[in-house]
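J.: output the structure for:
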Amino acid sequence: MPAVHRPLQTRDRFVQEFGTRSVRYADVLAAGFSRASLQAAVDRDLLRRPRRGVLVAVPAQGAVDPAGAHVLSIRSTIAALGPGVWASHESAASHQGVSIPFESALDRVQLITPEGAGFTGPGLAVRAAPLPFCDREVVDGIPTTSVARTAVDVARGRRLASALIPLDSAARLLIARVSSTSGNELRRAVRDPELRALATAALEDALSHCVGWAGTVAVRTALHHVDPASESAFESRSRGWFIEAGLGALDPGRPVPCAGKIYWADFCSDERRVVGEADGWSKYGQSPEEIRTALEAERARQRDLERDGWRVVRWSTRDRRNAVVHRMRTALLTA
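T.: Numbers count the residues shown, from 1 in each chain. Modelled structure (predicted):
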């Protein structure tokens, strides 16, 4: 009779034995686990192999999001390699909350070693590169490149619309740290000229440590257009499209007084009375009730704006670049 495996029990026992830390596969076997039961738990995504010879438990509430799973991989990989390596590029961004371009994938742990030699392996890339102390930080126990250096590394060699995604996000995160604000207070803080200058200076300083490296010219160009008022990767990419098409950046994250309220527009042309809205589904919530409530509020908001003489242009992640640019250009020309 074939063995009966109970993956949930295997995961729970694993947590009881080892907690949430990463554990060498040999140590797990020595604790009495069978290879077949461990494989069954891995197949059910209850245990994960962040790298060869290492296991880590997925939290009991179920499979985590890709970024969360990647952070588990970063933590276990750095623990296995020991000191002298720092999470970098998309790996650092996923842990710090810096947005990454849509074409990027969290398919491997990316690290920098400033003193050792680089190497690659299954799901792992270690780069040998200079890393000044000012470009290092520790976030929740994980050594990473600084937010500014992370954004520069991710943006290197990319077209404007993609490069703006990490750079805008890093600038916004830096301002949030300095000002200790969130929500509408952060929306106001990111429009403060002094705070914007501080964030831009941090990005320029990080770029100065990469002079002559491949792809830095693209970052230098993109820095002229960085705007921390962009609130999402989708908005940053859309703004990049408008700049590339010669429409200008418009005004992102703009407060619009209307009907006795303050509405925050993703994009705004005050002169042409045009508001642009980049509709990513994540901003409407998760549950059906949250989405229904958010959509009703959005419809009421649009009615108020249109009654006040604004033309509202909307697009979603399903819309292609040319269609979005054409829609906005038409609105600006005919408003």
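J.: pretty sure Ile296 sits in a helix.
T.: Rather than Ile, residue 296 is Glu. Yes: per DSSP: H, G, I helix; E, B strand; the rest coil, Glu296 lies within a helix segment.
J.: what separation is there between it and Arg303?
T.: 11 Å (C-beta to C-beta, to the nearest Å). In short, each C-beta sits where N, CA and C put it, glycine included.
J.: ok, now Arg48?
T.: From Arg48 over to Arg303 (counting by C-beta to C-beta), the distance is 48 Å.
J.: also Val226?
T.: Distance, Val226 to Arg303, by C-beta to C-beta: 34 Å.
J.: of the two, give the one with the bigger neighbour count.
T.: Taking Val226 and Arg303 together and counting by other C-beta atoms under 10 Å, Val226 has the greater number of neighbours (24 against 12).
J.: how about low-confidence regions in the stretch 151-300 of the chain?
T.: Residues of the stretch 151-300 of the chain meeting the criterion pLDDT under 70: 280-291.
J.: can you give me the helices for it?
T.: For the stretch 151-300 of the chain, applying DSSP state H, counting those that start in this stretch gives helices covering 160-179, 183-189, 193-208, 216-223, 233-244, 288-307.
J.: could these go into CSV alongside distance to Gly276?
T.: Output for the helices of the stretch 151-300 of the chain, formatted as CSV (distance: least, C-beta to C-beta, whole Å):
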stretch, distance to Gly276
helix 160-179, 15
helix 183-189, 16
helix 193-208, 21
helix 216-223, 20
helix 233-244, 8
helix 288-307, 11
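J.: which stretch among those helices comes nearest His326?
T.: helix 233-244 (10.7 Å; C-beta to C-beta).
J.: tilt between the closest one and helix 160-179?
T.: 130 degrees (axes from the mean of the first three to the mean of the last three C-alpha atoms, to 10 degrees).
J.: and helix 233-244, what does it pack onto?
T.: Packing partners of helix 233-244 (3 or more C-beta pairs under 8 Å, 6 or more residues apart in numbering; DSSP states H and E): helix 160-179, strand 261-269, strand 274-279, helix 321-334.
J.: if we use 6 Å, what do you get?
T.: helix 160-179, strand 274-279 (3 or more C-beta pairs under 6 Å, 6 or more residues apart in numbering; DSSP states H and E).
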